[in-house]
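Q: got a sequence here, can you model it:
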Amino acid sequence: MSDCIFCKIINGEIPSAKVFENDDVLAFLDISQVTKGHTLVIPKIHKEDVFDLDTETAEKLFSVVPAISRALRSEFDLKGLNMINNNGSFAGQEVFHYHLHLVPRYDEKDGIQKKFISHQAEYTPDDLQQIASAINQAIQI
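A: Just a heads-up that it's a prediction; the model follows:
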């Protein structure tokens with residue numbers, strides 16, 4: 001896609017600090033560096049978001065994520081790693097080329113807060129089974 005910043009990075013039109021590259025996947029440092037080593041992993045084929053990913057592209061992308069994650073851990077003194085992916089503008093996606101953020105975690109002062117608000121009390125075990133069943137029936141593999 002000609003106006004996609006990540007496609008321009010893939011094509012060498014915009015420079016990047018490459019972490020990993022093969023025929024199908026490119027990983028490079030995010031220019032924002034939320035924490036040291038913050039890496040983006042993208043498919044070289046333009047896919048807008050997780051809903052647009054086909055199985056083959058997802059397999060190629062996720063097959064290299066553990067190795068990149070282990071490299072981050074071995075190179076830096078990580079206490080953990082967040083994998084973040086926003087899909088659609090409502091979910092916070094800003095660049096509409098699928099990308100996975102690998103964000104190294106160093107300590108509680110690294111500026112990242114994880115917070116989920118549980119709605120457990122709102123769902124009975126039967127509600128959860130109905131939700132799971134509906135999702136299961138809609139899966140198309």
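Q: quick one: residues contacting the spatially most central residue of the chain.
A: Ranked by distance to the mean C-alpha position of the chain (C-alpha atoms, centre = their mean), the top residue is residue 100 at 1.9 Å. Under the criterion of C-beta atoms under 8 Å, 6 or more residues apart in numbering, the contact list for residue 100 reads 40, 41, 42, 61, 65, 83, 84, 85. The C-beta positions use only the backbone N, C-alpha and C, and glycine is treated the same way.
Q: partner residues bridging it?
A: As for beta bridges, residue 100 partners with residue 41 under DSSP bridges.
Q: do you know how far it is from residue 135?
A: Here the distance between residue 100 and residue 135 works out to 22 Å (C-beta to C-beta, to the nearest Å).
Q: then residue 82?
A: Applying C-beta to C-beta, the value for residue 82 to residue 135 is 24 Å.
Q: between those two, who's got more neighbours?
A: The neighbour count for residue 82 versus residue 135, taken as other C-beta atoms under 10 Å, is higher for residue 82 (14 against 9).
Q: identify the residue spatially nearest to that one, adjacent ones excluded.
A: Distances taken as C-beta to C-beta, 6 or more residues apart in numbering put residue 103 closest to residue 82, at 4.4 Å, once the chain neighbours are dropped.
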